[in-house]
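Novice: Generate a structure from the sequence data that follows.
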Amino acid sequence: MVRSADSSNLTAEQKLRVQFNQSLANAKRNLRICAERVSKSTSGKGIGILKLEELLVEETWLEAIPGEFQKPYAKKLGEFVESEIKSSIPIYPPQHLIFNALNSTPFDKVKAVIIGQDPYHGPGQAMGLSFSVPQGIKIPSSLQNMYKELQQDLGCSIPSHGNLERWAVQFIDYFLIMFSVRQHQANSHAKKGWEQFTDSVIETISKKKTGIVFLLWGNYAQAKSRLIDETKHHILKAAHPSGLSAHRGFFGCRHFSRTNQILDEADTTPIDWQL
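Specialist: Numbering: from 1, shown residues only. The predicted structure is shown next:
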């Protein structure tokens, strides 16, 4: 009989590594389940299409927002996304990654939130995590500026890739205001219901949790502060990290170290920002 390791004998660093590996395994399991569902739905007959609720497989989120997908707006949104998948123009991210942010970060574990606006709309870029792109894809300018601020703020070395999964599995929720988009058509899925879904997610986090750090970059994300109870949570605001606005208040905001300071003061494990 193999005995599991006694956690009481582990160092703090070893416990963190165990927690990280467990979180990563959970995220990969959810991703696999979602991909398998999409694959099975094709049945060898071309494009398979799942209902939105079938793409959210993380149980803690399904429990946190019960009945959300049965609301009239969500049903219309689902019908719209299904029609877009059937069309001749590709949509991003791929179906199985639409809820990657929620599937990667369990609701009960969330400790920080970064809200993006629209998925990347170029081939191979969008992966369901705001600002993140798969390894091997050119790092977008906004993410390059985030890396520059990280280096100035915490001395982190600048990564050679743009995959932020390591942050997501440390319980930073990187979701978008719009969860899907048409190829080469920014904001093409705006005003179809995603905004209402995102508002519900933010309100749920605000109501059911305490001590969450919300990093709101740019006017679009900052408008969501109306949904957050500032007596229970921490809101950090700065300019958007895009090339057009990073010099207007993103550089020097020190949000990465401030997030860790807030978490540390609350006896919550800080984020290892180094990728």
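
Novice: going forward, measure contacts between C-alpha atoms and count neighbours the same way
Specialist: Fine.

Novice: low pLDDT regions in this protein?
Specialist: 1-8, 42-48 (pLDDT under 70).

Novice: residue ranges of the helices in it, please?
Specialist: Under the criterion DSSP state H, the chain contains helices at 12-42, 52-55, 59-64, 72-86, 100-104, 141-154, 165-168, 194-208, 219-222, 255-265.

Novice: which of the ones you listed is buried the deepest?
Specialist: The highest mean neighbour count among these, using mean count of other C-alpha atoms under 10 Å, belongs to helix 100-104: a mean of 28.

Novice: before we move on, the earlier item: which one of the helices of the chain lies nearest to residue 272?
Specialist: helix 165-168 (7.6 Å; C-alpha to C-alpha).

Novice: chain center to the closest one, what's the gap?
Specialist: Remark: helix 165-168 is offset 9 Å from the chain centroid, using C-alpha atoms, centre = their mean, to the nearest Å.

Novice: Kindly report the same for stretch 68-78.
Specialist: In terms of C-alpha atoms, centre = their mean, the centre of stretch 68-78 is set 21 Å apart from its chain centre.

Novice: How about the contacts made by residue 33?
Specialist: Applying C-alpha atoms under 8 Å, 6 or more residues apart in numbering to residue 33 gives the contacts residue 57.

Novice: Okay, it and residue 103: tell me how far apart.
Specialist: Taking C-alpha to C-alpha, to the nearest Å as the measure, residue 33 falls 10 Å from residue 103.

Novice: Figure out which of the helices of the chain is closest to residue 128.
Specialist: Shortest distance between residue 128 and the helices of the chain, using C-alpha to C-alpha, is found for helix 100-104: 4.9 Å.

Novice: Counting by contacts, list what that closest one packs against.
Specialist: helix 12-42 (3 or more C-alpha pairs under 8 Å, 6 or more residues apart in numbering; DSSP states H and E).

Novice: Grab the most central residue of this protein for me.
Specialist: Geometric centre of the chain, nearest residue: residue 174, 2.2 Å, by C-alpha atoms, centre = their mean.

Novice: Who are the contact partners of that residue?
Specialist: Going by C-alpha under 8 Å, 6+ apart, residue 174 touches 101, 113-116, 129-130, 168.

Novice: Most widely separated two among those?
Specialist: Using C-alpha to C-alpha, the contacts of residue 174 reach their maximum pairwise distance at 116 and 168, which is 13.6 Å.

Novice: Find residues that contact each of residue 33 and residue 103.
Specialist: Contact with both residue 33 and residue 103 is made by residues residue 57, according to C-alpha under 8 Å, 6+ apart.

Novice: quick one on the thing from earlier: could you provide the helices of the chain in a markdown table, with additional columns for distance to residue 178?
Specialist: Output for those, formatted as a markdown table (distance: least, C-alpha to C-alpha, whole Å):
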| stretch | distance to residue 178 |
| --- | --- |
| helix 12-42 | 19 |
| helix 52-55 | 14 |
| helix 59-64 | 18 |
| helix 72-86 | 11 |
| helix 100-104 | 12 |
| helix 141-154 | 17 |
| helix 165-168 | 18 |
| helix 194-208 | 5 |
| helix 219-222 | 11 |
| helix 255-265 | 24 |
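
Novice: mind checking which of these is nearest residue 247?
Specialist: Within those, the stretch nearest residue 247 is helix 141-154; the backing value is 9.5 Å (C-alpha to C-alpha).

Novice: what helices or strands is that closest one leaning on?
Specialist: Under the contact criterion of 3+ C-alpha pairs under 8 Å, 6+ apart, helix 141-154 touches helix 255-265.
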